[in-house]
Each structure stands twice: as structure tokens, then as C-alpha cells.
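A.B. asks: Only the shape, not the letters, is given here:
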């Protein structure tokens, strides 16, 4: 069983050695431990430090693309290189990497599809009382949306099984944490919580500029994900509220009409009509959202099948030299994640059975959305 520990980094040259030094190389139930550094447009010596410390797997972005994209690209790389379990930690040494063995244990034992570290935020000294309260409220909101019972939904120290990653699809640009929990909960994946303690704070978060920005963007991600999976709850509730609300002004106008005083209260009819229109629109949007949910479910099933083909056990990416597009060769196929281009030999292509596995020093080409270019040194297979 192969484990990939992926470390998203943005200018983490100072703290990355601390992270790498505490990643265990031997874990019960795991045959291979590989480390993947995801360089999200760093301008310092993050990559050089990682190479010097023995890291052989890299995904590099030509510019900063955010945590969600880094997570998605890292997962794509890990699955293409045969990962059975993927652990996500952070380059700022916030999480105790020495506990990775405990974190992956429920996944390795088949007791959970996803394991999330519980940072026990109430005990973290550098968290203010307000932040602790907001963390608790945020976890409750996510648990409501996902129908889960997790004490720390915002924790980024997680372990995912290969099967769970096949079923999860990150679409937000800010952070994958809330979205993947809501998806996993609604897809009935098993999620375990593992209590841990965090390391001392090394720097301020680079994911958001203020706590309120984090709340706003996290709220948007939660609302979007909840609407995707629970449109009936949202639009039926709105329709009922508007429908009941229109009865009040209509009833008032009817009573005044019976008393012969309705002439001066036409505003009741206007308000009632407006709320009735709101109710009708809510139910109309419910029909559209339900059709989109059905379509999205079918598309996700199709995407899962495509992932099984792309990341199948027997398919291995063929190395290409930096600067050369693999799609120009015979039998090559083009990947889609972050513009990554990989070559794969066709079933009957000569040399398909004798091509060597990826070795250190060979590379693939990674282009960002703006056409920039970065080298993705391939790791040892």
C-alpha cells in the first residue's frame, strides 16, 4: 500500500524542514511513503530546500492559484503515481506530522474513507475566544449541511482513501475543507475524527487576510455546496415562507373588504401579490435545481468512471522531457488537471511493455491557466 503525503507550500523555505523532519517513513500497514511538495508559486527557496532534503515529487504552479487548486493538483499527481492513501498537511508546520500513522490508521484498516484530525481548537492558546467560538459554530454548520458529527470541520490535516478521492470533486477556488466534507457526507462516505494537538504558531495564515474574509468565503462555499446537494430543503422552505407570508396581507385585505374599508388598503394586495410571486418562483427554481441535481449526479458518475480509467492500476504515466508536449508523440493522451500533459502508451503500441517507470530527474510539463510554465519533476516510482 502506497501513501503520499502532500504538502502545499507558498514561501515555506523556513518551516518546510521542520515538516519534512517529522514525516514518518515507516507506518504500520503502509509499504511505501512518498512526499509530494506542491509549490503554489513560491518566490523563495522552497523547492530548492525540498530537493536538498530528499523530496523527489513536485507539482509547481507558475503563479499562486490557491489552496483548493493545490489540493486538487496534488491529488491528481498522487493518484497518477499509484497512491492508495493521500494525507494532506501544511507547509507551515501547524500540524503534528508524527501523528500521520494514527491519522491513516482508520483508512488503512478499512474503518473509514476519510480521517480528519481534530485540533481540539478550544485548547489552542493562540486562538482568541471569538475565533474558538466561530470555529465551533462553523463546524456545527458544516455538520448540519453534511449530516456528520465532526468536532473540527476546518482542519486541513486529513487522510483520504483512493476510493474516496475518486468520488470527490473540488470546484471551489478558496479552500477544499468544507466542500469535501459536505460532498463526503452526502455521498455517504465514512469519516473518522482523530484527536491531535497542534504545533506552536509559526506565522499568520496566508490563505486569507482577515478572519472575516475567511468567514465570508467559507460561508459561500458551504452555501454553494449545501444548495448543490439539498435544493429541496432550500427552495421548499422559501416557498412555504413566501406562501404563508402572502396569506397575511391577503387575509387583512379580505377582512377590510368585508368591513367596507378596503379602498384605502391597496398596499396589502401589492405586498401579498409580491410574496405570492416569490413563492411561485421558489417552486419553479426547485424544479430547475432538481433537474440540475440529477444531471450533476450523472456527470459525477461519468467522471468517476473516467478517473478509474485514468488512474487505473495498470496505467502509468510515461515521462516526457521538459518543454516537449507529450501529445505530439504516438499514442499520447492529454490530461486536463491544471493543464498537465502526460503521455500514455496505447494498448498495442510497440515498447508499451518495456518503457521504464518514472525516475528522478525526468519531468513533465505543467502549464497554468494563463499559459505560464512550470516544471514538475517526477518522483521515483
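C.D. replies: Perfect, I can see it now. Small disclaimer: the values here were computed from a predicted structure and weren't measured.
A.B. asks: Pretty sure residue 126 sits against residue 199.
C.D. replies: No: counting by Cβ atoms under 8 Å, residue 126 does not reach residue 199; the two are 10.9 Å apart. All C-beta spots, glycine's among them, are computed from the backbone N, C-alpha and C.
A.B. asks: the more surrounded of the two?
C.D. replies: residue 199 (17 against 8; other Cβ atoms under 10 Å).
A.B. asks: and residue 200, how many neighbours does it have?
C.D. replies: Neighbour count for residue 200, taken as other Cβ under 10 Å: 8.
A.B. asks: What about it? Give its phi and psi, please.
C.D. replies: Dihedral pair for residue 200: phi -60, psi 150, per degrees, to the nearest 10.
A.B. asks: any idea how far residue 18 is from the nearest residue to it once chain neighbours are set aside?
C.D. replies: Distances taken as Cβ to Cβ, 6 or more residues apart in numbering place residue 126 nearest to residue 200, at 7.9 Å, with adjacent residues excluded. According to Cβ to Cβ, to the nearest Å, residue 126 and residue 18 sit 17 Å apart.
A.B. asks: and if you look at residue 98?
C.D. replies: From residue 98 to residue 18 the distance is 11 Å (Cβ to Cβ).
A.B. asks: In terms of neighbours, single out the busier of the two.
C.D. replies: Per other Cβ under 10 Å, whichever of residue 98 and residue 18 has more neighbours is residue 18, with 15 against 12.
A.B. asks: Not counting residues beside it along the chain, what's closest to the more buried one?
C.D. replies: The shortest distance from residue 18 to any non-neighbouring residue, by Cβ to Cβ, 6+ apart, is to residue 93 (4.4 Å).
A.B. asks: wait, what's in contact with residue 171?
C.D. replies: Residue 171 makes contact with residue 179, according to Cβ atoms under 8 Å, 6 or more residues apart in numbering.
A.B. asks: Which pLDDT value belongs to it?
C.D. replies: Here, the pLDDT recorded for residue 171 equals 83.
A.B. asks: that's a strand at it, yeah?
C.D. replies: No: assignment of residue 171 by DSSP: H, G, I helix; E, B strand; the rest coil gives coil, placing it outside any strand.
A.B. asks: Now the helix or strand harbouring residue 301: average pLDDT?
C.D. replies: Using DSSP states H and E, residue 301 sits in helix 266-310. Over the span of helix 266-310, the pLDDT mean works out to 90.
A.B. asks: How far does it sit from its chain's centre?
C.D. replies: Centroid separation between helix 266-310 and its chain, computed with Cα atoms, centre = their mean, to the nearest Å, is 23 Å.
A.B. asks: which other helices and strands contact it?
C.D. replies: Judged by 3 or more Cβ pairs under 8 Å, 6 or more residues apart in numbering; DSSP states H and E, helix 266-310 is in contact with helix 162-167, helix 211-229, helix 231-258.
A.B. asks: Throw those helices into TSV and include distance to residue 73 and mean neighbour count, thanks.
C.D. replies: Output for the helices and strands packed on helix 266-310, formatted as TSV (distance: least, Cβ to Cβ, whole Å; neighbours: other Cβ atoms under 10 Å):
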stretch	distance to residue 73	mean neighbour count
helix 162-167	13	19
helix 211-229	18	17
helix 231-258	30	15
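A.B. asks: Lowest average confidence across those helices, which one?
C.D. replies: helix 211-229 (a mean of 80).
A.B. asks: and the angle from it to helix 231-258?
C.D. replies: 90 degrees (axes from the mean of the first three to the mean of the last three Cα atoms, to 10 degrees).
A.B. asks: tell me which strands and helices helix 211-229 is in contact with?
C.D. replies: Checking 3+ Cβ pairs under 8 Å, 6+ apart, helix 211-229 ends up next to helix 129-146, helix 177-186, helix 266-310.
A.B. asks: Mind listing residues that contact the first one?
C.D. replies: For helix 129-146, contacts defined as Cβ under 8 Å, 6+ apart pick out 121-122, 124, 127, 148-154, 178, 181-182, 184-186, 211, 215, 218, 222, 225-226, 229-230.
A.B. asks: go on, the shortest one?
C.D. replies: Residues outside helix 177-186 that contact it (Cβ under 8 Å, 6+ apart): 68, 113-114, 116, 138, 142, 145-148, 150, 153-156, 164, 167-172, 191, 218, 221-222, 224-226, 229-230.
A.B. asks: Secondary structure class of the closest residue to residue 74 other than its chain neighbours, three-state.
C.D. replies: Leaving aside its sequence neighbours, residue 74 sits nearest to residue 6 (Cβ to Cβ, 6+ apart; 4.0 Å). The three-state label for residue 6, taken from three-state DSSP, comes out as strand.
A.B. asks: Any idea how many residues pack against residue 6?
C.D. replies: Neighbour count of residue 6, defined by other Cβ under 10 Å: 23.
A.B. asks: repeat for residue 149
C.D. replies: Using other Cβ under 10 Å, residue 149 has 11 neighbouring residues.
A.B. asks: okay, now the domains of this protein?
C.D. replies: Following automatic domain parsing, the chain resolves into domains at 2-228, 231-310.
A.B. asks: for the longest one, the distance to its chain's centre please.
C.D. replies: Mean C-alpha position of domain 2-228 versus that of the full chain (Cα atoms, centre = their mean) differs by 9 Å.
A.B. asks: for the last one, same thing?
C.D. replies: Taking Cα atoms, centre = their mean, the mean C-alpha location of domain 231-310 is offset from the chain mean by 31 Å.
A.B. asks: Show the end-to-end separation of it, please.
C.D. replies: Domain 231-310 has an end-to-end distance of 32 Å (criterion: Cα to Cα, to the nearest Å).
A.B. asks: so how many other residues sit close to residue 179?
C.D. replies: 24.
A.B. asks: out of the helices and strands packed on helix 266-310, which comes closest to residue 312?
C.D. replies: Minimum separation from residue 312 across the helices and strands packed on helix 266-310 (Cβ to Cβ) falls at helix 162-167, 10.8 Å.
A.B. asks: If anything else comes up later, I'll come back, but that's it for now.
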